[in-house]
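> This is the structure alone, sequence omitted:
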């Protein structure tokens, strides 16, 4: 096994960190870039916005399905080799996406190849940090690597806006190919642990985990269209319950069967995909739980704030990206400076304070939202949220990996990234559903109470908005009302109702994210109160 001291020289340590953080950055960049370029990409490849949204969904699904098997691959063939193979697959996917002439090729490159590459890269990164840094230095290393992914999500709209406005969205993916080549060159300096003893591969476990996670995440991703429990009009259902609920239940059942099967594999002396005994480790499950809530709140914020800036305030993609930069700055500062200047601080205390900062940021932003407010109101909340994310990033990676022997670090990486994927999917879907539900209720209530709106229009609005009111800017709504030939009185009432409803929807979404952060505080007790220390001589 490679000694952690192999990366202890300052220059080499920085090089290793740069390589792994660059990999994490790339994995998180795509979706945030694509979100601001959906309409342009759809036009270029001859499809609809729905088609591109389907590609985004497929990318998330592929990652979710193969994350746990991807972690096991690293344990079998070596973490560095899995990382480099994953980079090669990801680079091929980026090149295919950059050259895609149509949607099927885009799906092959972005959704399948990049998703498969990410499933190999992300678990390997967790294991490689553990193998290249001593226990004492891991909090800082993990903090920087995790921060790189969060920064990618924050600056993605800015990069996407610049590329789409002045060049082409294709240049982003072409640039990823260049970065991948650089990572492959630098990866030779990363110390690797030798692969484990080659034993039979648990193919049934791989299928069960892939199906369980894939079905669950797919159900979550379709919740906005189908409804969580009560089916929306014309949405699929079974015995009056939305298909989203049934898919989530089916996914959980398959995951339970998977864990039962893995326990049987262990009893027979086989090599499981994931040792269920790990999940009885209080420190590990505490870290995984906090990871889940961190990504739930984090991705919910990255969904809500850009909507407020770009739709409610009408900022461009470039202006929206610039307004998100305070979050990146405070996140990086907390993730790197806490381990450096407070190396012996209690991880539990840092995690609690970080979670409180997430909660405070969401509450402050919720209170600051107002019809007359400008873009500057997001600065302080984003600084708080960034501090919270950075504080959590500085501790959680080290907490989860130090909970098990280093030989299991790749397996932990697979489970950890599967959990963060679940949190991110649920956070985005939950924030979106709550926002649209509150927006619709508020809009219809405002219209119903306005005497300037005829009863016939009120009835028509109630029927047409059964599935939820769209989140529209003032310009978009005005265009739609003009095309419908609406009277000036009704148009004015609709515009006022929409402005109020947008804010109500955003507040509701932030409230559910704040509630999630509050729940997370109760699980912080499972985080250890002392920093892990190396037992090596």
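Thanks, I have the structure now. Values in this document were obtained by computation on a predicted structure and should not be read as measured data. Residues are numbered from 1 along each chain as shown.
> quick one: contacts for residue 336?
140, 143-144, 147, 390, 394 (C-beta atoms under 8 Å, 6 or more residues apart in numbering). No exception for glycine: its C-beta is placed from N, CA and C like everyone else's.
> and with 7 Å instead?
140, 143-144 (C-beta atoms under 7 Å, 6 or more residues apart in numbering).
> Go through the residues you listed and flag which are in helices.
Counted as lying in helices by DSSP state H, out of the contacts of residue 336, are 140, 143-144.
> Relative to residue 352, which of the contacts of residue 336 is nearest.
residue 143 (16.5 Å; C-beta to C-beta).
> Please work out how many residues are found near the closest one.
28 (other C-beta atoms under 10 Å).
> Does it touch residue 342 like I think?
No - taking contacts as C-beta atoms under 7 Å, residue 143 lies outside contact range of residue 342: 11.7 Å.
> And the helix ranked longest in the chain, what does it pack against?
The longest helix of the chain (DSSP H) is helix 409-449. When contacts are defined as 3 or more C-beta pairs under 7 Å, 6 or more residues apart in numbering; DSSP states H and E, helix 409-449 packs onto helix 49-77, helix 115-132, helix 203-221, helix 223-226, helix 282-307, helix 379-401, helix 455-464, helix 488-523.
> Please tabulate the ones you listed in CSV and include distance to residue 477, mean pLDDT and mean neighbour count as additional columns.
Output for those, formatted as CSV (distance: least, C-beta to C-beta, whole Å; pLDDT from 0 to 100; neighbours: other C-beta atoms under 10 Å):
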stretch, distance to residue 477, mean pLDDT, mean neighbour count
helix 49-77, 18, 82, 22
helix 115-132, 36, 89, 29
helix 203-221, 27, 90, 22
helix 223-226, 20, 84, 20
helix 282-307, 15, 91, 24
helix 379-401, 26, 91, 27
helix 455-464, 13, 64, 12
helix 488-523, 5, 88, 20
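> so which of the ones you listed gets nearest residue 90?
Going by C-beta to C-beta, the one of the helices and strands packed on helix 409-449 nearest residue 90 is helix 115-132, 3.0 Å.
> Give me the buried positions along stretch 405-418.
Neighbour counts using 16 or more other C-beta atoms under 10 Å place 406, 408-418 of stretch 405-418 among the buried residues.
> typo on my end, stretch 98-107
For stretch 98-107, by 16+ other C-beta under 10 Å, it's 98, 100, 103, 106-107.
> give me the element the spatially closest residue to residue 182 that is not a sequence neighbour is part of.
The shortest distance from residue 182 to any non-neighbouring residue, by C-beta to C-beta, 6 or more residues apart in numbering, is to residue 22 (7.4 Å). Residue 22 belongs to helix 10-35 when assigned by DSSP states H and E.
> how far out from the middle of the chain is that helix?
Distance of helix 10-35 from the chain centroid (C-alpha atoms, centre = their mean, to the nearest Å) equals 15 Å.
> go on, stretch 146-164?
Using C-alpha atoms, centre = their mean, the offset of stretch 146-164 from its chain centre is 13 Å.
> Could you do stretch 66-84 as well?
21 Å.
> Start the count at 560 instead of 1 going forward.
Shifting the count to begin at 560 puts that one at stretch 625-643.
> Go ahead and name everything in contact with that stretch.
By C-beta under 7 Å, 6+ apart, stretch 625-643 touches 675, 678-684, 686-687, 690, 743, 746, 749, 751-755, 757, 765, 768-769, 832-833, 969-970, 972-974, 976-977, 980.
> do you know which of the helices and strands packed on helix 968-1008 lies nearest residue 720?
Closest of those to residue 720 is helix 841-866, at 10.7 Å (criterion: C-beta to C-beta).
> For stretch 924-932, measure first residue to last.
11 Å (C-alpha to C-alpha, to the nearest Å).
> In space, not sequence, find me the middle residue of the protein.
The structure's the chain has its C-alpha centroid closest to residue 983; by C-alpha atoms, centre = their mean the separation is 3.7 Å.
> tell me the pLDDT at that residue?
For residue 983, the model assigns a pLDDT of 87.
> List the buried residues of the helix or strand where residue 734 lies.
Assigned by DSSP H and E, residue 734 belongs to helix 729-745. Buried positions in helix 729-745, judged by neighbour count with 16+ other C-beta under 10 Å: 729, 731-736, 738-739, 742, 745.
> May I see those residues arranged in TSV, with pLDDT as well?
As requested, the buried residues of helix 729-745 are exported to TSV (pLDDT from 0 to 100):
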residue	pLDDT
729	88
731	86
732	89
733	90
734	90
735	91
736	94
738	92
739	94
742	93
745	90
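> follow-up on the earlier one: dump the helices and strands packed on helix 968-1008 into JSON lines; add distance to residue 925 as well.
What follows is the helices and strands packed on helix 968-1008, written out as JSON lines (distance: least, C-beta to C-beta, whole Å):
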{"stretch": "helix 608-636", "distance to residue 925": "27"}
{"stretch": "helix 674-691", "distance to residue 925": "32"}
{"stretch": "helix 762-780", "distance to residue 925": "24"}
{"stretch": "helix 782-785", "distance to residue 925": "21"}
{"stretch": "helix 841-866", "distance to residue 925": "10"}
{"stretch": "helix 938-960", "distance to residue 925": "9"}
{"stretch": "helix 1014-1023", "distance to residue 925": "27"}
{"stretch": "helix 1047-1082", "distance to residue 925": "4"}
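> residues in contact with residue 593?
So residue 593 contacts 600, 615 (C-beta under 7 Å, 6+ apart).
> Could you do residue 1050 as well?
Contacts of residue 1050 (C-beta under 7 Å, 6+ apart): residue 1040.
> Kindly provide the distance from it to residue 1004.
For residue 1050, the distance to residue 1004 equals 18 Å [C-beta to C-beta, to the nearest Å].
> cool, residue 704 as well?
Noted for residue 704: a distance of 46 Å to residue 1004, by C-beta to C-beta.
> Contacts only, for residue 885.
938, 941-942, 945.
> If we use 10 Å, what do you get?
Applying C-beta atoms under 10 Å, 6 or more residues apart in numbering, we find residue 885 in contact with 713, 937-945.
> For my notes, please list those residues in CSV and give distance to residue 611 for each entry.
Shown next, in CSV, are the contacts of residue 885 (distance: C-beta to C-beta, whole Å):
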residue, distance to residue 611
713, 21
937, 27
938, 31
939, 34
940, 30
941, 27
942, 32
943, 33
944, 28
945, 29
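> Would you check which pair of those residues lies furthest apart?
713 and 939, at 15.9 Å, using C-beta to C-beta across these.
> picking that back up, ok, of the buried residues of helix 729-745, which one's closest to residue 925?
Taking C-beta to C-beta as the measure, residue 731 is the one of those closest to residue 925, at 32.7 Å.
> The closest one and residue 600, how far apart?
With the distance defined as C-beta to C-beta, residue 731 ends up 10 Å from residue 600.
> got any residues that touch both of those two?
592-593, 656, 719, 723.
> Now do stretch 660-667, average pLDDT.
Mean predicted lDDT for stretch 660-667 stands at 91.
> which outside residues touch that stretch?
600-601, 603-607, 610-611, 613-614, 617-618, 651-652, 655-659, 672-673, 732.
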